[in-house]
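1. mind looking at a prediction? Sequence and model below.
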Amino acid sequence: MATYAAITGWGKAMPPAVLTNEDLSTFLDTNDEWIISRTGMKERRISHVSGLEMAVAASRRALACAGLEAKDVDLIVYGTCSADEQVPNAASGVQAALGAQRAASMDVNTACTSFLYALTTATAMIRTGVVRNAIVIGVEIISPFMDWDNRNVAVLFGDGCAAVVVQASDKQEGLLGEQLGCIAEARQTLRVRGMGTAYTNHAVTSGDTAWDFDGQEIFKRAVQGMVQASTAVMAKHGVTAADIDLVVPHQANQRIIDAVISRCGLPDEKVMLTVARYGNMSAATVPVALNEALEEGRVKPGALILMPAFGAGLTFCAHLVRWGERVTPLGESDAALPPAKAARLKW
Ligand code: UT7
């Protein structure tokens, strides 16, 4: 009998400090009207704690939701492009904090698609019998490496985190299939100069970043990639737009979402949106939106969910998930972020 990988737990950890469009216009030549009309964004969150601290809180909540304990975890996959450190890996930090002694821990970085590529990784390892219980995290802390002088990028991004628990199951649920891809010829359209060993002895030192960002080109490629992946994964699984109950897309721009949805023949009311409140949280976007869809009762038992995304690289993907019967948590954790006295834009 085939083994599937059901999503049985979910939890988020959102930093409380809000950065509004008005706040941004106090130090950048921008305004609320421009940001809303070009992106759909009104505000985003800025974290006062590390990515790892957010990931630990979200993971504790996801574990409680699934009714599991740390000792049950076989695998932790940490999806991010903003790991607090390169060595050691970030997933091992979550493992240590949880006390998940039996687990294997790995990081996945495909930029904004990291959570979904991490879900692919964990699901494949469950389906092939390597592990049975996994935590998959999507976390991003972009504020420390944002170029806060650059209005082209500073208005677009925010920090956040969410996690899911994925478990071996005999029922046909969880990730049914995905289409992955990468438009590598466009990799120069989004580059953060200053992050990584390439910059150690160069003009841009780590912590002092400059973004190469061709917004219009990324926009076009993002729509192309997400539509292609969504159509391909639906065709592969004999599913039409009418069969999709909910779309949980990457949220980089309301206009990108609108273009993808209409080209796939999906109605607006099936789309879960967080872009106005959180902006683009890169790898955290899809899992946070999924968490909030569950909190709002928008995920029904047995729902078919489409999750299209894109990110730097330019990686793209679309994931097709069959939800199980349970849409409420088995348990709750009181894990929370410490109170924020003041958020810092640059660490
Ligand atoms: O997850 C991957 C992340 N990447 C993305 O999500 C990028 C996808 N691209 C986009 O979302 C859009 O291309 C943007 C939101 C970045 C830009 O929207 P656009 O409609 O493509 O605007 P544009 O680049 O054509 O810029 C229009 C104007 C320019 O002024 P001029 O040259 O027409 O005088 C920009 O300088 O808007 C100006 N502009 C701004 N004005 C006020 C650019 N940023 C801002 C700003 N506030 N923050």
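-> The structure has been received and is ready for your questions. In this text the structure is predicted, and so the values were computed from the model without any measurement. Numbering: from 1, shown residues only.

2. packing partners of the longest helix anywhere in the chain?
-> In the chain, taking DSSP state H as the definition, the longest helix is helix 215-236. When contacts are defined as 3 or more C-beta pairs under 8 Å, 6 or more residues apart in numbering; DSSP states H and E, helix 215-236 packs onto strand 174-182, helix 254-263, strand 304-311, strand 315-322. Placement of C-beta: from N, CA and C, glycine included.

3. quick one: work out the angle between the longest one and strand 315-322.
-> Read it as helix 254-263. 60 degrees (axes from the mean of the first three to the mean of the last three C-alpha atoms, to 10 degrees).

4. in helix 254-263, what counts as buried?
-> Residues of helix 254-263 classed as buried: 254, 256-257, 259-261 (neighbour count, 16 or more other C-beta atoms under 10 Å).

5. what does stretch 64-78 give?
-> Judged by neighbour count using 16+ other C-beta under 10 Å, the buried positions of stretch 64-78 are 64-66, 68, 70, 72-78.

6. re earlier: list just the nearest of the buried residues of helix 254-263 to the ligand.
-> Distance to the ligand across the buried residues of helix 254-263 (C-beta to the nearest ligand atom) is lowest for residue 256, with 6.2 Å.

7. find the nearest non-adjacent residue to that closest one, please.
-> Spatial nearest neighbour of residue 256, chain neighbours left out: residue 222 (5.4 Å); criterion: C-beta to C-beta, 6 or more residues apart in numbering.

8. I'd say the one you found and residue 313 touch.
-> No - taking contacts as C-beta atoms under 8 Å, residue 222 lies outside contact range of residue 313: 11.1 Å.

9. of those two, who's got more company?
-> residue 222 (27 against 21; other C-beta atoms under 10 Å).

10. picking up where we left off before, would you turn the helices and strands packed on helix 215-236 into TSV with mean pLDDT and distance to the ligand?
-> Formatted as TSV, these follow (pLDDT from 0 to 100; distance: least, C-beta to the nearest ligand atom, whole Å):
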stretch	mean pLDDT	distance to the ligand
strand 174-182	98	13
helix 254-263	98	6
strand 304-311	98	5
strand 315-322	98	10
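
11. turn those into a markdown table, including distance to residue 100.
-> Formatted as a markdown table, the helices and strands packed on helix 215-236 follow (distance: least, C-beta to C-beta, whole Å):
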| stretch | distance to residue 100 |
| --- | --- |
| strand 174-182 | 21 |
| helix 254-263 | 35 |
| strand 304-311 | 26 |
| strand 315-322 | 24 |
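
12. quick one, which of those is nearest to residue 138?
-> Closest to residue 138 of these, according to C-beta to C-beta: strand 304-311, at 10.0 Å.

13. what lines up beside the closest one in the sheet?
-> The strands beside strand 304-311 in its sheet (DSSP bridges) come out as strand 246-247 (parallel), strand 315-322 (antiparallel).

14. which parts of this structure sit against the ligand?
-> Within the chain, the positions lying close to the ligand (C-beta under 6 Å from any ligand atom) are 30, 34-35, 38-39, 112, 151-152, 155-156, 190, 215-216, 218-219, 252-253, 280, 311.

15. which members of the residues you listed are classed as buried?
-> Neighbour-count burial (16+ other C-beta under 10 Å) applied to the residues of the chain next to the ligand gives 30, 35, 39, 112, 151, 155-156, 190, 215, 218-219, 252-253, 280, 311.

16. ok and the residue in the stretch 101-250 of the chain nearest the ligand?
-> residue 215 (2.9 Å).

17. got the contact list for that residue?
-> By C-beta atoms under 8 Å, 6 or more residues apart in numbering, the residues touching residue 215 are residue 152.

18. is residue 77 in a helix, a strand, or coil?
-> Classification of residue 77 using DSSP: H, G, I helix; E, B strand; the rest coil returns strand.

19. so who does the residue of the stretch 1-150 of the chain found nearest the ligand touch?
-> Per C-beta to the nearest ligand atom, residue 30 is where the stretch 1-150 of the chain lies closest to the ligand, at 3.2 Å. Contacts of residue 30 were listed using C-beta under 8 Å, 6+ apart, and they are 21, 24, 151, 155.
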